[in-house]
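Novice: what's the 3D shape of this:
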Amino acid sequence: MQVDYVLKGDRVTINYRYFSNVGKAISVITMKGKIIDSLQNGHQFHLGLSQVDIATLDSEASQPQHMKYMANVSRMNLDNHDIHSETINILAERNGYAHILFEPSNVVCGCKVIS
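Specialist: Predicted coordinates for the structure are as follows:
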């Protein structure tokens with residue numbers, strides 16, 4: 001999986017790209033919305049995502065559990081609340097890289113930060 005978070009002004013776009021074990025692209029989830037607020041000197045961002053597009057690129061490939069989870073949770077939230085919420089917490093940043101906690105999935109990843 002590869003994820004790009006693009007935060008610009010008050011807008012956010014998230015692209016989740018999923019690949020097979022041999023590197024073939026099998027699905028994509030694109031989410032768009034707004035930054036609701038930023039806390040802790042810009043180290044925590046609450047995101048309100050109002051558009052979610054899901055594309056299966058290889059219908060014969062088994063879809064990753066994370067893709068299924070994100071697709072189901074975001075659809076449910078949009079259907080019930082008209083918005084899918086996510087929070088990103090920058091835990092540490094150094095030399096162009098950061099440790100970031102992603103919620104609601106509760107995953108910490110090492111990420112390259114591009115300004």
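Novice: Now do the same for V73: helix, strand or coil?
Specialist: With DSSP: H, G, I helix; E, B strand; the rest coil as the basis, the three-state label of V73 is helix.
Novice: repeat for G23
Specialist: Quick answer, by three-state DSSP: G23 is coil.
Novice: can you pull the contacts of H99?
Specialist: Contact analysis of H99 by CB atoms under 8 Å, 6 or more residues apart in numbering lists 90-93, 108-111. In short, each C-beta sits where N, CA and C put it, glycine included.
Novice: Please apply the same query to R11.
Specialist: Counting by CB under 8 Å, 6+ apart, R11 touches 32-35.
Novice: By neighbours, which of those residues wins?
Specialist: Compared across the contacts of R11, G33 has the highest neighbour count, 20 neighbours, by other CB atoms under 10 Å.
Novice: Other residues contacting the helix or strand hosting that residue?
Specialist: Secondary structure from DSSP states H and E places G33 in strand 25-39. For strand 25-39, contacts defined as CB under 8 Å, 6+ apart pick out 7, 10-20, 44-58, 61, 63-64, 67, 70-71, 74, 83-86.
Novice: Just the residues you listed: which are in helices?
Specialist: 67, 70-71, 74 (DSSP state H).
Novice: sorry, back to before: which of the contacts of strand 25-39 count as buried?
Specialist: 12, 14, 16-19, 44-45, 47-49, 52, 54, 61, 64, 67, 70-71, 74, 84, 86 (16 or more other CB atoms under 10 Å).
Novice: Can I get the ones in helices among the contacts of strand 25-39 in TSV including pLDDT and distance to S27?
Specialist: TSV is the format used below for the ones in helices among the contacts of strand 25-39 (pLDDT from 0 to 100; distance: CB to CB, whole Å):
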residue	pLDDT	distance to S27
M67	92	5
M70	91	10
A71	93	8
S74	94	13
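Novice: quick one: which of the residues you listed is nearest V3?
Specialist: Nearest to V3, judged by CB to CB, of the ones in helices among the contacts of strand 25-39 is M70 at 9.9 Å.
Novice: what's the pLDDT at the closest residue to the closest one other than its chain neighbours?
Specialist: In space, and not counting its chain neighbours, M70 is closest to I29: 5.6 Å by CB to CB, 6 or more residues apart in numbering. pLDDT, I29: 96.
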